[in-house]
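K.L.:
generate coordinates for the sequence data below:
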Amino acid sequence: MLAGVACAAALGCAAPNRVTYLAAASTPPRAFRRHAPEQVDVFLGAAPPRPHVDVGTFETYQGRRADGNPRPTDDVLWTLRLHAALRGCDALQIVGIDSRRRYHSGTLRGVCALYTDAVPPIAVASPAARLSGEGDACLTPGRPVGHARLSCPDPLVCRDGICASPYP
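P.N.:
Sure, this is the predicted structure:
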């Protein structure tokens, strides 16, 4: 515990970008299919030109590098694209960028969209690769430690003692 407090007090602690997802009121036109981040179309400020349904929103909070400086914007955008791919979004519309202020990091907001026209063949033919650490045992409160990891690598979460995607 002292190490965590010392790390939090130090300027040189690295922290990953944090992401929250909120499902929209719109019903997805089909089941979500996880795919590679490179397969997620990204649009800055404009909606995807293809027919689509907005199915949720992401909010990404800028983390810090080991030297204490904020992670670069392209790293935050990559994190958002990774989460969109894990969730199964076909497209990601960036709708807001709040720059870093003195006492807090920047925020990047995006909308998850599913296309309603024909599913592109690449999304069907090439499933996403497993992430490093995915499927590993992890420490779940109330369970013995054994050979389990204390925590899962970002962006994975510990679900029922297994490191898994944050999206079902």
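K.L.:
please make it C-alpha for all contacts and neighbour counts, starting now.
P.N.:
OK.
K.L.:
and residue 83, helix, strand or coil?
P.N.:
helix (DSSP: H, G, I helix; E, B strand; the rest coil).
K.L.:
what about it, how many residues nearby?
P.N.:
25 (other C-alpha atoms under 10 Å).
K.L.:
list the contacts of it.
P.N.:
19, 37, 155 (C-alpha atoms under 8 Å, 6 or more residues apart in numbering).
K.L.:
export the residues you listed as TSV, with columns for secondary structure.
P.N.:
Shown next, in TSV, are those (three-state DSSP):
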residue	secondary structure
19	strand
37	helix
155	coil
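K.L.:
kindly reformat the residues you listed as JSON lines containing distance to residue 28.
P.N.:
Output for the contacts of residue 83, formatted as JSON lines (distance: C-alpha to C-alpha, whole Å):
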{"residue": "19", "distance to residue 28": "21"}
{"residue": "37", "distance to residue 28": "20"}
{"residue": "155", "distance to residue 28": "23"}
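K.L.:
I'd like those as JSON lines, with distance to residue 93 and neighbour count appended.
P.N.:
Listed next are those as JSON lines, based on distance: C-alpha to C-alpha, whole Å; neighbours: other C-alpha atoms under 10 Å:
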{"residue": "19", "distance to residue 93": "15", "neighbour count": "19"}
{"residue": "37", "distance to residue 93": "14", "neighbour count": "21"}
{"residue": "155", "distance to residue 93": "20", "neighbour count": "20"}
